[in-house]
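# with the input below, show me the fold.
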Amino acid sequence: MRFVALIALPLTMIAAQPALAKGCLRGAAAGAVGGHMIGKGHGKLGAVAGCIAMHHHYAKQAKAQKAASQ
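I've put the predicted structure just below:
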């Protein structure tokens, strides 16, 4: 059940802003590798954390670009 919750959050974030999906995918890939290197079973947790972090980064970057263009 916990695995479903870990997958549902990033998918919800992607659905909310599909233009920022590349940030989630890049972050999830990097987080999965990092989590795998840290220890057994941490790849999924790393992927979720990476997705959230990069999604936030790209959303903040998009807001800054939008404000600069106005």
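
# most centrally placed residue in this structure?
In the chain, the residue lying closest to the centroid (CA atoms, centre = their mean) is residue 51, at 1.2 Å.

# contacting residues around that residue?
10, 13, 24, 25, 27, 28, 31 (CB atoms under 8 Å, 6 or more residues apart in numbering). In this view, the C-beta of every residue, glycine as well, is placed from N, C-alpha and C.

# what is the mean pLDDT for the top helix by length along the chain?
The residue-count maximum for a helix in the chain (DSSP state H) belongs to helix 43-69. The predicted model assigns helix 43-69 a mean pLDDT of 86.

# how far off centre is that helix?
7 Å (CA atoms, centre = their mean, to the nearest Å).

# list the buried residues for it?
43-55, 58-59 (16 or more other CB atoms under 10 Å).

# widest-spaced pair of the contacts of residue 51?
Using CB to CB, the contacts of residue 51 reach their maximum pairwise distance at 13 and 31, which is 13.9 Å.
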